[in-house]
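Chemist: coordinates only, sequence not included:
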């Protein structure tokens, strides 16, 4: 039995070797198949030298000769850098931190152009920021964020072209002046708020005073018009009363004349009517310039009284 077993084992040896070789070849072929995902590129080296760049899709590499040197994402990335100490033109030291939005455009240059490109961008942004802020005063720095962002983006984008990087945006996240400057700014803002409040209160009081004056003016006008109307109506009433008395007197004189009354009686009646008119406090009696007529009228009255 033993010789038979040994013979069987010897006959299976080549088969096992073939299977092992097939498995190894399959593993090697499988490892040579690469799938590049979306928005990603693979940098391929052959024997240590740059060979090509694989885009999205299915690719094969030569076993033991080609290798994937780097896998690079083409998505836009954000680099948030620590605050940097900068000095303004008027010698104010402040802390400014920046945020850089960048994107890899050339995987080959990104892989071989510079060592640790993100650190390079950070150092470049720090020096660029110091140069820009050094030409501005404190007030300009606080109010010129857009100008600073634009200048930094242009400078960084131009400098990183040879690294295969495009800088899309640069943002100043925080501008932190010294504590004493912050206190002074807070006091200034408080004073401005109080000033605006005082102006608003004064304008409100002015508007209220104007409205009160306009109301008093309209009230005085209405009172004057009412008084004027009352005086006019009173004068019209007195005029109507005088006219009625005169008409009645004239009618009486006509009646006396019709019945044949003499001049003395007519004069007497005229004096009676004049006396009645003089009883009114608002009636003025005008003495005629013909005093002889008045004397003759008085003589006539005396004669009538004697008779």
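Modeler: Right, received. Where do you want to start? Treat the numbers as computed from the prediction; the structure is a model and nothing was measured.

Chemist: switch to C-alpha atoms for all contacts and neighbour counts from now on
Modeler: Noted.

Chemist: domains for this structure, by residue range?
Modeler: Annotated domains of the chain cover 2-73, 77-177, 180-245, 262-307 [automatic domain parsing].

Chemist: Including mean pLDDT, could those go into a markdown table?
Modeler: Formatted as a markdown table, the domains of the chain follow (pLDDT from 0 to 100):
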| stretch | mean pLDDT |
| --- | --- |
| domain 2-73 | 82 |
| domain 77-177 | 91 |
| domain 180-245 | 84 |
| domain 262-307 | 55 |
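
Chemist: wait, which of the ones you listed is closest to residue 251?
Modeler: domain 180-245 (9.7 Å; C-alpha to C-alpha).

Chemist: re the thing from before, can the domains of the chain go into JSON lines with extra columns for distance to residue 251?
Modeler: Output for the domains of the chain, formatted as JSON lines (distance: least, C-alpha to C-alpha, whole Å):
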{"stretch": "domain 2-73", "distance to residue 251": "123"}
{"stretch": "domain 77-177", "distance to residue 251": "99"}
{"stretch": "domain 180-245", "distance to residue 251": "10"}
{"stretch": "domain 262-307", "distance to residue 251": "12"}
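
Chemist: Can you add mean neighbour count and give the ones you listed back as CSV?
Modeler: Below are the domains of the chain laid out as CSV (neighbours: other C-alpha atoms under 10 Å):
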stretch, mean neighbour count
domain 2-73, 13
domain 77-177, 17
domain 180-245, 12
domain 262-307, 12
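
Chemist: Do a quick rundown of the helices in the chain.
Modeler: Assigned by DSSP state H, the helices in the chain fall at 2-32, 107-112, 117-134, 138-143, 145-159, 179-258, 263-278, 291-306.

Chemist: name the helices or strands packed onto the second one?
Modeler: In other words, helix 107-112. Packing contacts for helix 107-112, counted by 3 or more C-alpha pairs under 8 Å, 6 or more residues apart in numbering; DSSP states H and E, involve strand 40-46.

Chemist: now what about the strand it packs on, what contacts it?
Modeler: 36, 50-56, 65-75, 107-108, 111 (C-alpha atoms under 8 Å, 6 or more residues apart in numbering).

Chemist: one more time with 10 Å
Modeler: For strand 40-46, the external contacting residues (C-alpha atoms under 10 Å, 6 or more residues apart in numbering) are 34-36, 50-57, 61-62, 64-75, 106-108, 111.

Chemist: Provide the strand pairings for it, with the direction of each partner.
Modeler: strand 49-54 (antiparallel), strand 66-73 (antiparallel) (DSSP bridges).

Chemist: residues in contact with the shortest one?
Modeler: Right, the one you point to is strand 49-54. With C-alpha under 10 Å, 6+ apart as the criterion, strand 49-54 contacts 34-36, 40-46, 60, 66-71, 106-108, 111-112.

Chemist: at 8 Å instead, please
Modeler: With C-alpha under 8 Å, 6+ apart, strand 49-54 has contacts from 36, 41, 42, 43, 44, 45, 107, 108.

Chemist: which one of the residues you listed is nearest residue 199?
Modeler: Distances from residue 199 to these, taken by C-alpha to C-alpha, are shortest for residue 107, at 61.6 Å.

Chemist: contacting residues around that closest one?
Modeler: By C-alpha under 8 Å, 6+ apart, residue 107 lies in contact with 41, 43, 53, 72, 164.

Chemist: Give me the distance between stretch 29-42 and the centre of its chain.
Modeler: 53 Å (C-alpha atoms, centre = their mean, to the nearest Å).

Chemist: What is the end-to-end distance of that stretch?
Modeler: Start-to-end span of stretch 29-42 (C-alpha to C-alpha, to the nearest Å) is 18 Å.

Chemist: Brilliant, that's me finished.
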